[in-house]
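Enquirer: with the input below, show me the fold.
(one chain, ligands or ions: 2)
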Amino acid sequence: MTIPKAMTIAGSDSGGGAGIQADLKTFQELGVFGTSAITAITAQNTLGVQGVYPLPLEAIGQQIDSVLSDIGTDAVKTGMLFSANIISLVADKLNRYGPYPLVLDPVMIAKGGAALLQQEAVEALRRELLPIATVLTPNVPEACAILGSQEIGSVEQMIEAAKRLHELGPRYVFLKGGHLDGEEAVDVLYDGSEAILYRSPRIRTKHTHGTGCTTASAIAAGLAKGLAVTDAVSEAKRFITAAIASGLEIGKGIGPTHHAALRLSSAK
Ligand SMILES: Nc1ncnc2c1ncn2[C@@H]1O[C@H](COP(=O)(O)OP(=O)(O)OP(=O)(O)O)[C@@H](O)[C@H]1O
Ligand SMILES: Cc1ncc(CO)c(N)n1
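Expert: Ligands and ions are numbered 1, 2, ... in the order given. Have a look, this model is predicted:
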């Protein structure tokens, strides 16, 4: 049996809601075989990040070699990369084994405020990974950090920012509007000529841990299946909206999005 394959290169979230764990669950839900290279281990739960432990470069490189020299992949998603050295290593490996459809989620800061990317690594991200990305998926604060300060408070300003981000090299920019206010959660996809808006009702919940990782890996799953970027993004938007609607009240803080609502209701 052949099955589409996607690889995530990201950090581990012990709390299970974001990072590698969210990515692999999303791949599985969407019918894609998932592989991984872990860049850093975080001690994390619904209350925040208690510890960050980047892995040695050798360990990260070896995981990527093991997967790509044997199993291969139809798409890659990157998440938490933590340092400029890890970014350079990942760019080197993807250039050597690829090119692959690449969903680049420029993870910088966890919801509780912990740094998942060192500040001085933003330049490496811009220089080495943005130019080889198929889809760049920043949230509003990440877009501001990559652009070096820009006011983004409206959909019009999101479109302007997406255009400037596109000039840095990615084929598509998918700028997510989860951090803005309003009755709808509006995201912008820009391909260099046209801005497409993806809208959903804004769900009133605090349980949104892992929304970014889940969205980016759902897009990667679509690309692995051979979908056009616009279709992969539509599917991902539907998937994340359902996952937020069935977010879990577990732990004492911000609970995770949940991807298997149908199975859950038929269990017990
Ligand atoms: N309350 C909500 N209701 C509906 N959709 C939402 C809500 N919050 C976020 N989204 C959607 O979820 C997706 C992820 O967006 P968001 O801006 O939250 O990502 P993120 O900030 O990168 O996530 P994370 O904090 O996990 O890194 C987008 O499609 C966004 O529109
Ligand atoms: C490991 C990891 N990656 C990404 C995020 C962003 O949500 C997180 N909180 N933890």
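Enquirer: list the buried residues for stretch 69-87?
Expert: With burial defined by 16 or more other CB atoms under 10 Å, the residues of stretch 69-87 counted as buried are 73-84, 86-87. For the C-beta atoms, the positions are set from N, CA and C on the backbone; glycine is no exception.
Enquirer: typed the wrong thing, it's stretch 155-166
Expert: Val155, Gln157, Met158, Ile159, Glu160, Ala161, Ala162, Leu165, His166.
Enquirer: name the SS class of the third one, please.
Expert: Using DSSP: H, G, I helix; E, B strand; the rest coil as the criterion, the local structure at Met158 reads helix.
Enquirer: how about it, what does it touch?
Expert: Residues near Met158 by CB atoms under 8 Å, 6 or more residues apart in numbering: Val140, Ala143, Ile152, Leu175, Gly177, Leu180, Val186, Val188.
Enquirer: name the nearest residue to it, sequence neighbours excluded.
Expert: Closest residue to Met158 apart from its sequence neighbours, by CB to CB, 6 or more residues apart in numbering: Val188 at 4.7 Å.
Enquirer: now check the strand or helix carrying the one you found, is it near ligand 1?
Expert: Using DSSP states H and E, Val188 maps to strand 184-190. Yes. Residues of strand 184-190 are located near ligand 1 by CB under 6 Å from any ligand atom, namely Ala185, Asp187.
Enquirer: each with direction, which strands does the following helix or strand past that strand pair with?
Expert: The helix or strand immediately downstream of strand 184-190 is strand 195-201, counting by DSSP H and E. Note on strand 195-201: by DSSP bridges, its sheet partners are strand 184-190 (antiparallel).
Enquirer: which positions in the partner strand come out as buried?
Expert: Here strand 184-190 shows Ala185, Val186, Asp187, Val188, Leu189, Tyr190 as buried, counting by 16+ other CB under 10 Å.
Enquirer: beta partners of the third one?
Expert: In this structure, Asp187 bridges to Tyr198 when assessed by DSSP bridges.
Enquirer: wouldn't it be in contact with His179 here?
Expert: No. Counting by CB atoms under 8 Å, Asp187 sits too far from His179 to count as a contact (11.1 Å).
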